[in-house]
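Asks: Sequence plus the predicted model coming up.
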Amino acid sequence: MALSFHLANLLDSPTAPAMMLREVILEALRDDGDIRGAIRDDLNAILDRDSACHELYIPFLYFKGFQALQIHRIGHWLWAHNRQPLANFLQSQMSRHFGIDIHPAARFGHGIMLDHATGLVVGETAVVGNRVSILQSVTLGGTGKEDGDRHPKIGDGVLISAGAKILATFALAKGRKWVRAPWCCRMCRRIRRWRGSRQGCRQTDDRVTGTRYGSRDSRVSVVGGDSSTTASTIAAT
């Protein structure tokens, strides 16, 4: 497959030459049809959701979010087949070349869009459902305990906006949008102007919550307060 050649060249190093990596990638793709299906769904998801993308070849060749996710899928296959050292090597190369750190054991569904993806961190026991969109500088992190289930669970159809930090085993329900408070406040002001609604934003201490109107499944979860406030600390309260 062309993708195996492309990814192998992106990860090429003196330790693991491109041709060796290509054989590993091809082995995973031949063994697991689910990976091949996920790649197709990821490409179509980007074409459908990213207004800057008009052709399938663009994310294939140039979008590091797509490329990093496919490297992770190969690493996850290696992890599941007790080849952890090689899976960890792919994770390390991904982090070095793309600035994206996804643990090989993390699980991703189909139709994922990692938009920009710079600074994305996903922990070992994190689970991301189908048709999820994640923007840059997002952390799906742990609680700090040594082992066990300690990372977020993201439902199908969720949007996680730029800079969101979601920690612990917090579950983000299907179809939710997780954004930062300034976006919500601007949005709610527009809602009040357009619809004359007295609803929208309410603020309690350092938490801002609101409802996005105009879509049946567009509930919005947002966080506010100082820059150190994270989604996880709010979710835990």
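Replies: Looks like it arrived, so ask away. Residues are numbered from 1 along each chain as shown.
Asks: residues touching the residue nearest the centre of the chain, list them.
Replies: Nearest residue to the geometric centre of the chain (Cα atoms, centre = their mean): I134, 4.2 Å. Each residue near I134 by Cβ atoms under 8 Å, 6 or more residues apart in numbering is listed here: 112-115, 117, 120, 128, 160. Any C-beta I mention is one placed from the backbone N, CA and C, and that applies to glycine too.
Asks: now those in JSON lines, with pLDDT, secondary structure and distance to E23?
Replies: Formatted as JSON lines, the contacts of I134 follow (pLDDT from 0 to 100; DSSP: H, G, I helix; E, B strand; the rest coil; distance: Cβ to Cβ, whole Å):
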{"residue": "I112", "pLDDT": "98", "secondary structure": "coil", "distance to E23": "25"}
{"residue": "M113", "pLDDT": "98", "secondary structure": "strand", "distance to E23": "29"}
{"residue": "L114", "pLDDT": "97", "secondary structure": "strand", "distance to E23": "26"}
{"residue": "D115", "pLDDT": "95", "secondary structure": "coil", "distance to E23": "31"}
{"residue": "A117", "pLDDT": "94", "secondary structure": "coil", "distance to E23": "26"}
{"residue": "L120", "pLDDT": "97", "secondary structure": "coil", "distance to E23": "28"}
{"residue": "V128", "pLDDT": "96", "secondary structure": "strand", "distance to E23": "28"}
{"residue": "I160", "pLDDT": "92", "secondary structure": "strand", "distance to E23": "35"}
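Asks: Out of the residues you listed, give me the one that has the most neighbours.
Replies: Neighbour counts for the contacts of I134 were taken using other Cβ atoms under 10 Å; the highest belongs to L114, which has 31 neighbours.
Asks: Is it correct that it is in contact with V128?
Replies: No. In this structure, L114 is not within contact of V128 by Cβ atoms under 8 Å, at 9.8 Å.
Asks: before we move on, back to that, okay, and the beta partners of the residue nearest to the centre of the chain?
Replies: L114, I160 (DSSP bridges).
Asks: tell me the pLDDT at it?
Replies: Note on I134: pLDDT of 96.
Asks: Could you do the one 3 residues further on as well?
Replies: The score at S137 is 93. That number is its pLDDT.
Asks: which one among the contacts of I134 gets closest to W79?
Replies: V128 (15.5 Å; Cβ to Cβ).
Asks: hang on, isn't I112 packed against G129?
Replies: No. In this structure I112 lies outside contact range of G129 using Cβ under 8 Å: 9.0 Å.
Asks: Could you dump the contacts of I134 into CSV with distance to M19 added?
Replies: Shown next, in CSV, are those (distance: Cβ to Cβ, whole Å):
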residue, distance to M19
I112, 28
M113, 30
L114, 27
D115, 32
A117, 27
L120, 29
V128, 31
I160, 37
